[in-house]
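Student: Following is a predicted model, sequence given first.
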Amino acid sequence: MSPYLISLRAIVGREALRFIHQRERFIAALVRPLVWLLVFAAGFRAALGLSIIPPYQTYIAYETYIVPGLCGMIMLFNGMQSSLSLVYDREMGSMKLLLTAPLPRWWLLFCKLAGATAISILQVYAFLAIAALYGIDMPPLGYITVLPALAVAGLMLGALGLLLSSFIKQLENFAGVMNFVIFPMFFLSSALYPLWKMAESSKLLHDICALNPFTHAVELIRFALYVQFNAAALGWTLLAAAVFVAAALWGYNPSRTGMSRRG
Amino acid sequence: MIRTTLAALLLTTTAHAGEIWVTNEKDDTVSVISTETLEVIKTYETGERPRGITFSKDFSLLYICASDSNAVQVMDPNSGEILHDLPSGEDPEQFVLHPDDRHLYIANEDDAITTVVDTETRKVVAQIDVGIEPEGMAVSPDGKIAITTSETTNMAHWIDTETQELFANTLVDSRPRHAEFLRDGSEMWVSSEIGGTLTIFDTATQAEKAKISFEVQGVHPDRVQPVGFEFTDGDTHAFVALGPSNHVAVVNAETYEVEDYILVGRRVWHMDFNEDRSLLFTTNGVSGDVTVIDVAKREAIKSIKVGRFPWGAAFRPTN
């Protein structure tokens, strides 16, 4: 087997193992969107259902609207969680060990990303299964067509996590990520309200939401869940992923971090 | 394989080709929706404030209640041309065509009368005094009984179609708006908009048999206002429009229990099925569209923009 595949299997396997061993993490990752779906959305039942926007063909309940946004939320938190684990790895020294492997740095980081994305996808499917049991189901084919959309969205958000981890020096700083990245990204997006609703209250808010790559990731997932393709959302998500990956590679550049000198 | 499936699908859909005709109360038009493509394919002008709409038995004529024109208009559905008006009395709102395919029973909202018009001689045959603001109209399948519901008197008036006289009046809840007989004629159902109920009568005795209430999660009870309703194939279930609650209820016609609520557009008024009754088309007055419901799945699948304030709906096959 090529060393590339060995490293991919090892890194993804390690991520999976870590995830399986942390059962609380899996449950916590599911509880968060479920609270939004079952508690938060319940109060907003009648809030939407007034305007039909693509990909929907008819009026929908608010619960149905926020499901793709909550899939995005799972991936967003997972991306950040993986960034947290990267910082942890660095503090513990295992990151240094990993990056000294005789393989290109971008490949090692990509393996990390792939592992984190695979785990988010598993979580999203678990969430979609519970949502379906609750009565919010998608077209059957949608559960398949959403897979590539989840992979792209997961990679983009994972890359963002990677980028952040290259700048966060200590675990303690992670609270800042929560306040300055996760919350603004989630609330300033189409996850909870459609963009036309944002435009009604503020043009500026609408424009910020429209620029937010998380909005495009959510829309990509939303369309894919209804077996539709949203080229613009895919384009924006890929572009954001490319920018984040490039910045993360730069962030992990040994000459910048001084890792090679110390290692 | 795929080609065969597609061909089979095409065959089954063409076997049920048809149109849903919808009156647009504020636009003075009717919109024609294809039951295959689920798109508006034609729009024709009508008299003022069209509401009730129904086809003759062979679907060669379309009758439209043009309320503010004080006329029932007769349209050729193939050309969209208004052929002539029928005398209808003041402010006709709803009507029903007798199974003899000849007599129209029309509710005259402002005059508290039900007018019977012969569509062949184009003459008024009878005018029957009923309660204040008559609206809902129904005829039993054997043609012997006609029903008028009066919105303010809160009654269902039972008319003997031979003598054209009332033979019974039964109280219902506030603001009765629509009436229908089961296909076997054994029961007559009336919806009460303000009362928020459906009352079911035994046709033979005119006695009340059951009453159904509705409760839509997250919607204030005042907004749950039953209006139009239709029975599914075999009369097993009734789909009931619940007005400004923006939902259609699915009622089991045997147990009288509400089994489901389906979200549709705003202020749902009336409805009709396609030919095999697999799809239901509801008119949503305020949102100006028609929601298509998959009857088997009990799911709204699409909402189609029509004119302003769609009100009545009627199906006609096209093959």
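Tutor: Right, received. Where do you want to start?

Student: Doesn't residue A:29 belong to a helix?
Tutor: Yes - counting by DSSP: H, G, I helix; E, B strand; the rest coil, residue A:29 falls inside a helix.

Student: just the strands in the stretch 151-300 of chain B please.
Tutor: Here the stretch 151-300 of chain B has its strands, by DSSP state E, counting those that start in this stretch, at B:155-160, B:165-171, B:176-181, B:187-192, B:197-202, B:207-213, B:229-231, B:237-241, B:247-252, B:258-263, B:268-273, B:279-284, B:289-294, B:299-305.

Student: Could you dump these into TSV and include mean neighbour count?
Tutor: C-beta coordinates here come from the backbone N, C-alpha and C atoms, glycine included. Rendered in TSV, the data for those read as follows (neighbours: other C-beta atoms under 10 Å in any protein chain shown):
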stretch	mean neighbour count
strand B:155-160	21
strand B:165-171	14
strand B:176-181	26
strand B:187-192	25
strand B:197-202	21
strand B:207-213	14
strand B:229-231	21
strand B:237-241	24
strand B:247-252	22
strand B:258-263	18
strand B:268-273	25
strand B:279-284	26
strand B:289-294	24
strand B:299-305	18
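
Student: Figure out which of those strands is closest to chain A.
Tutor: Comparing the strands of the stretch 151-300 of chain B against chain A with C-beta to the nearest C-beta, the closest turns out to be strand B:299-305 (4.2 Å).

Student: any bit of that closest one sitting next to chain A?
Tutor: Yes - counting by C-beta under 8 Å from any C-beta of the partner chain, chain A is contacted by strand B:299-305 at B:300, B:301, B:302, B:303.

Student: Pull out the buried residues from the helix or strand just after that strand.
Tutor: Sequence-wise, the next helix or strand downstream of strand B:299-305 (DSSP states H and E) is strand B:310-317. Of the residues in strand B:310-317, those buried under the neighbour-count criterion (16 or more other C-beta atoms under 10 Å in any protein chain shown) are B:310, B:311, B:312, B:313, B:314, B:315, B:316.

Student: CA-only coordinates of strand B:310-317, as CSV, when you get a sec.
Tutor: C-alpha atoms of strand B:310-317 as CSV (Å, rounded to 0.1, in the frame of the first residue of the first chain):
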residue,chain,number,x,y,z
PRO,B,310,-58.7,32.1,-5.6
TRP,B,311,-62.0,30.7,-4.2
GLY,B,312,-63.7,27.8,-6.0
ALA,B,313,-62.2,24.8,-7.8
ALA,B,314,-63.7,22.3,-10.3
PHE,B,315,-62.1,19.4,-12.1
ARG,B,316,-62.6,18.4,-15.8
PRO,B,317,-61.0,15.5,-17.6
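
Student: among the strands of the stretch 151-300 of chain B, which is nearest residue A:53?
Tutor: Closest approach to residue A:53 among the strands of the stretch 151-300 of chain B (C-beta to C-beta): strand B:299-305, 11.6 Å.

Student: elements contacting the closest one?
Tutor: Helices and strands in packing contact with strand B:299-305 are listed as strand B:258-263, strand B:289-294; criterion 3 or more C-beta pairs under 8 Å, 6 or more residues apart in numbering or on different chains; DSSP states H and E.

Student: State the paired neighbours of the first one in the sheet, together with their directions.
Tutor: In other words, strand B:258-263. strand B:247-252 (antiparallel) (DSSP bridges).

Student: what's the average pLDDT for the strand it pairs with?
Tutor: Taken as a whole, strand B:247-252 carries a mean pLDDT of 96.

Student: closest to chain A among the buried residues of strand B:310-317?
Tutor: Sorting the buried residues of strand B:310-317 by distance to chain A puts residue B:310 at the head of the list, at 14.8 Å, by C-beta to the nearest C-beta.

Student: Identify the residue nearest that closest one in space, chain neighbours excluded?
Tutor: Once flanking residues are discounted, residue B:310 sits nearest to residue B:283: 3.9 Å by C-beta to C-beta, 6 or more residues apart in numbering or on different chains.

Student: Reduced to three states, what does residue 33 come out as?
Tutor: All of this refers to chain A. For residue A:33, the secondary structure call by three-state DSSP comes out as helix.

Student: You answered for a different chain; I wanted chain B.
Tutor: When the structure is split into helix, strand and coil by three-state DSSP, residue B:33 lands in strand.

Student: So for stretch A:137-144, first residue to last residue, what's the gap.
Tutor: The stretch stretch A:137-144 measures 13 Å between its terminal residues, going by C-alpha to C-alpha, to the nearest Å.

Student: quick one: that stretch to chain centroid distance?
Tutor: Between the centre of stretch A:137-144 and the centre of its host chain there is 20 Å, according to C-alpha atoms, centre = their mean, to the nearest Å.

Student: check whether that stretch contacts chain B.
Tutor: No - among the residues of stretch A:137-144, none lie within reach of chain B under C-beta under 8 Å from any C-beta; the closest is 9.5 Å away.

Student: Need the contact partners of that stretch.
Tutor: Under the criterion C-beta atoms under 8 Å, 6 or more residues apart in numbering or on different chains, residues A:67, A:125, A:128, A:131, A:132, A:146, A:224, A:225, A:226, A:227 lie in contact with stretch A:137-144.

Student: Those residues in helices, which ones?
Tutor: Under the assignment DSSP state H, the contacts of stretch A:137-144 contribute A:67, A:125, A:128, A:131, A:132, A:146, A:224, A:225 to helices.

Student: Output these as JSON lines; include the columns distance to residue B:158.
Tutor: JSON lines is the format used below for the ones in helices among the contacts of stretch A:137-144 (distance: C-beta to C-beta, whole Å):
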{"residue": "A:67", "distance to residue B:158": "50"}
{"residue": "A:125", "distance to residue B:158": "59"}
{"residue": "A:128", "distance to residue B:158": "54"}
{"residue": "A:131", "distance to residue B:158": "50"}
{"residue": "A:132", "distance to residue B:158": "49"}
{"residue": "A:146", "distance to residue B:158": "57"}
{"residue": "A:224", "distance to residue B:158": "57"}
{"residue": "A:225", "distance to residue B:158": "52"}
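
Student: wait, which of the residues you listed is closest to residue A:206?
Tutor: In terms of C-beta to C-beta, no member of the ones in helices among the contacts of stretch A:137-144 lies closer to residue A:206 than residue A:67, at 22.1 Å.

Student: what residues are up against the closest one?
Tutor: Applying C-beta under 8 Å, 6+ apart, the residues contacting residue A:67 are A:37, A:128, A:131, A:136, A:138, A:225.

Student: again, 7 Å this time
Tutor: Neighbouring residues of residue A:67 by C-beta atoms under 7 Å, 6 or more residues apart in numbering or on different chains: A:131, A:136.

Student: With residue A:142 as the reference, measure out to it.
Tutor: Here the criterion is C-beta to C-beta, to the nearest Å. By it, residue A:67 lies 11 Å from residue A:142.

Student: cool, and residue A:57?
Tutor: Residue A:57 sits 13 Å away from residue A:142 when distances are taken as C-beta to C-beta.

Student: try residue A:136
Tutor: Shown here: residue A:136 relative to residue A:142, a distance of 12 Å by C-beta to C-beta.

Student: Next: residue B:99.
Tutor: As for residue B:99, its distance to residue A:142 is 46 Å (criterion: C-beta to C-beta).
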